[in-house]
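Colleague: missing the sequence, but the structure's below:
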């Protein structure tokens, strides 16, 4: 690290900022004892000409969870709370549904490690454009629709923002203070973070960054949304003050926290993966598996709120860390890679300790797996379809084969524990769950072994249905042309056009949902009835109505079509759309009212 001047790194970062048209970037780099760089690039306020500097406040997003976790652990160290306390005992007024409560009660540690099984925050309950702010109880109450355990707590990791809203409320209940006041007095002020705050929206325009998106390489300012629940991501901070926070971890918590507290944060404890011996993944608000294909891994957390991407990462062995954030809805992977290369320069890599494959132990685990720990229930069917890996032995080597893409070799680091070739930590563990099912665990993500035949059959069936449905779009367009030219009977033509319109409605609905998640600040639109939400509602409803209508008429008119081949094709098209309809209906997509999630 010392051999490379910091100017070389900052010049490279400035070049990327220009290439990617990043409006403004905050950056801080530190060792355990001294700041290497604290400053910024580009503009915090493009229109006003205000440049980013070390004091510019950016939204830190989910980095807030590091602070909430430390607040909870402080209460634990003071004897006011235990990590294994049951939530129903600590806060019985919070209503949640856990079918396994008698044998697997919901614990505080499950909230910290995202092993509750709760659905993630509903898309309409994240942001708002109004300036009303919820208090701690209202924040927890706003997430009520997500508070159902989908599997026994402590079995699977699935990131869920509502977990931290409940933790914020627990802090408030046990201390008699709003969570943000408690964290300010017990973490921010002792660290000298006097400008950092937990505001739900921008309140200091003189030092807060403005927020932007890029359209055709041009920056367009967008509203600074109000976060509906603060503990999941309300922190605003700057480079100088965030570096003080990073140094807290580099110094093992000194002088405000015990070293054991920091160590506990850095590894998972409650999940099946952790109990099986896997130490990588999400700990107590702190991930330990960043930069796995570099010589050294890093701990920390990422964030995204509004249009601000952020990252806070550190490696205590190297005694270095960094923080960065941008204000224009762009990922920062290239810049992070440059920083990590700079910080690890001159440090020899430490190879993993490996051992020969235990083929006999592996044999029962070979085959196909199905992903079973989705983050968002509304998109669970898509995640499950795409995430279906297989394990196989070839030439005495173990391979991980994703559904799409190339197979990757795995190396054994401990019994039934593996790393991808080139990684610096083991991520994969094979074990059995409580009911005896064979399970593949990847950094906490949970896969159950499934039938090879069924895994292939259902995806082949869906692929054929999608292909046939797509061809129905072309058939509908052709029917319009033929109808105008008078070369086709009206009744069959209208049915083909109706099916096409249903598919167009579905495509528009999906497009709207994709766009509001691509530009995350637009999630605020999903809270009200407007053109976007009505497009989702009527588009999915039109698809359902058109599919059922066409299926019924294709059966009724099958023998009346002039061409038996055309009648068979249209029947197959209708049946294909019906398969998609059943899939979407069972996952709540038909007539989706985003404002009522």
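Modeller: In hand now; what should we look at? Source: prediction; values computed, not measured.
Colleague: can we go C-alpha only for contacts and neighbour counts from here?
Modeller: Fine.
Colleague: hey, where'd the helices end up in the stretch 1-150 of the chain?
Modeller: Under the criterion DSSP state H, counting those that start in this stretch, the stretch 1-150 of the chain contains helices at 6-19, 64-77, 87-90, 108-113, 136-142.
Colleague: which helices and strands does the strand ranked longest in the chain pack with?
Modeller: When the chain is parsed with DSSP state E, its longest strand is strand 35-45. Helices and strands touching strand 35-45, by 3 or more C-alpha pairs under 8 Å, 6 or more residues apart in numbering; DSSP states H and E, are helix 6-19, strand 24-31, strand 50-51, helix 239-250.
Colleague: Least confident secondary structure element in the protein?
Modeller: helix 452-485 (a mean of 80; mean pLDDT, DSSP states H and E).
Colleague: Distance across stretch 200-215, terminal residue to terminal residue?
Modeller: 26 Å (C-alpha to C-alpha, to the nearest Å).
Colleague: Starting from the longest strand of the chain, tell me which strands it pairs with and how they run.
Modeller: strand 24-31 (antiparallel), strand 50-51 (antiparallel) (DSSP bridges).
Colleague: JSON lines please, covering those strands and showing distance to residue 225.
Modeller: Output for the strands paired with strand 35-45, formatted as JSON lines (distance: least, C-alpha to C-alpha, whole Å):
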{"stretch": "strand 24-31", "distance to residue 225": "18"}
{"stretch": "strand 50-51", "distance to residue 225": "21"}
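Colleague: To residue 433, which of the ones you listed lies closest?
Modeller: strand 24-31 (42.0 Å; C-alpha to C-alpha).
Colleague: next one: the longest strand of the chain to chain centre, how far?
Modeller: Centroid displacement of strand 35-45 relative to its chain, using C-alpha atoms, centre = their mean, to the nearest Å, is 27 Å.
Colleague: One more: stretch 568-582?
Modeller: Distance of stretch 568-582 from the chain centroid (C-alpha atoms, centre = their mean) equals 33 Å.
Colleague: now what about it, what contacts it?
Modeller: 462, 464-466, 468-469, 471-472, 496, 499, 543-544, 547-548, 550-551, 554-555, 558, 590 (C-alpha atoms under 8 Å, 6 or more residues apart in numbering).
Colleague: go on, stretch 507-525?
Modeller: Defining contact as C-alpha under 8 Å, 6+ apart, one finds that stretch 507-525 is touched by 123-124, 126-129, 213, 223-225, 305-307, 329, 532-533, 535-537, 539-540.
Colleague: filter these to the buried ones?
Modeller: Neighbour counting by 16 or more other C-alpha atoms under 10 Å classes 123-124, 126-129, 213, 224-225, 305-307, 329, 532-533, 535-537, 539-540 among these as buried.
Colleague: Please narrow those to those residing in helices.
Modeller: Using DSSP state H, the members of the buried ones among the contacts of stretch 507-525 that fall in helices are 532-533, 535-537, 539-540.
Colleague: Make JSON lines from those and add pLDDT to it.
Modeller: Converted to JSON lines, those look like this (pLDDT from 0 to 100):
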{"residue": "532", "pLDDT": "92"}
{"residue": "533", "pLDDT": "93"}
{"residue": "535", "pLDDT": "95"}
{"residue": "536", "pLDDT": "94"}
{"residue": "537", "pLDDT": "96"}
{"residue": "539", "pLDDT": "95"}
{"residue": "540", "pLDDT": "95"}
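Colleague: Need those in a markdown table (columns: distance to residue 318).
Modeller: As requested, those are exported to a markdown table (distance: C-alpha to C-alpha, whole Å):
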| residue | distance to residue 318 |
| --- | --- |
| 532 | 49 |
| 533 | 49 |
| 535 | 52 |
| 536 | 50 |
| 537 | 52 |
| 539 | 53 |
| 540 | 53 |
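Colleague: nearest to residue 135, of those?
Modeller: Each of these was checked against residue 135 using C-alpha to C-alpha; the closest is residue 533, at 27.3 Å.
Colleague: residues touching that closest one, list them.
Modeller: Going by C-alpha under 8 Å, 6+ apart, residue 533 touches 525-526, 593-595.
Colleague: Check these and tell me the two furthest apart.
Modeller: Counting by C-alpha to C-alpha, the most remote pair of the contacts of residue 533 is 525 and 593, 12.1 Å apart.
Colleague: Select, out of the helices of the stretch 1-150 of the chain, the one closest to residue 402.
Modeller: Shortest distance between residue 402 and the helices of the stretch 1-150 of the chain, using C-alpha to C-alpha, is found for helix 108-113: 26.1 Å.
Colleague: what's that closest one in contact with?
Modeller: Contacts to helix 108-113, defined as C-alpha under 8 Å, 6+ apart, come from residues 69, 82-87, 116, 153-154, 157, 163-164, 166-167, 268-270, 282-285.
Colleague: now the helices for the stretch 351-500 of the chain?
Modeller: 359-362, 380-386, 452-485, 490-518.
Colleague: any chance of those in CSV, plus distance to residue 338?
Modeller: Formatted as CSV, the helices of the stretch 351-500 of the chain follow (distance: least, C-alpha to C-alpha, whole Å):
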stretch, distance to residue 338
helix 359-362, 38
helix 380-386, 31
helix 452-485, 40
helix 490-518, 25
